[in-house]
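> coords please:
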Amino acid sequence: MARLTLHATGRASPELVWERYASLDEWAAWSPQIKAVHCPRRRLTSGMSGTVESVAGVRAAFTVETVDHQGRQWSWRVRLGPVALRLGHEVRAHADGSTTTLTTQGPRLALLAYAPLARLALHRLVRP
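Coordinates of the predicted model:
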């Protein structure tokens, strides 16, 4: 099991960045690999599950493990076939904007393949 941590800093406020995470309807706007999130709940909640659909039409199952709205942190597990990843997200205030951190755990090749898309998404997430 490998671990990879990525960061992005931008001018969007921590409140705005957190709202982009907390509203599942926002995910496709900042994450270019996501076409849709299929889940009965539309707000981030511990224990919720569903699928994330990529722009290529591939669906990966997910389960949200933890959500701390006050601390602006959350984690989830995503599975596509035999590959499972655990992703932890955190949003912090930084100068006149925010920093978001993503820590991923899973098979090394999967993390390396996902990293370029994740970097792009994180930078879009913190834009005003």
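
> can we go C-alpha only for contacts and neighbour counts from here?
Will do.

> note down every partner strand of the longest strand anywhere in the chain and its orientation.
Longest strand in the chain, counting residues (DSSP state E): strand 83-94. Using DSSP bridges, the strands paired with strand 83-94 in its sheet are strand 73-80 (antiparallel), strand 97-106 (antiparallel).

> what's the closest of the ones you listed to residue 51?
strand 73-80 (8.6 Å; C-alpha to C-alpha).

> pull the distance from that closest one to the chain's centre.
Counting by C-alpha atoms, centre = their mean, to the nearest Å, strand 73-80 is centred 8 Å from the centre of its parent chain.

> residues in contact with it: which ones?
With C-alpha atoms under 8 Å, 6 or more residues apart in numbering as the test, strand 73-80 has contacts from 59-68, 84-91.

> ok, now stretch 114-128?
With C-alpha under 8 Å, 6+ apart, stretch 114-128 has contacts from 6-13, 17, 20, 30-33, 97-100.

> keep only those of those that are in strands.
Using DSSP E, these in strands are 6, 7, 8, 9, 10, 97, 98, 99, 100.
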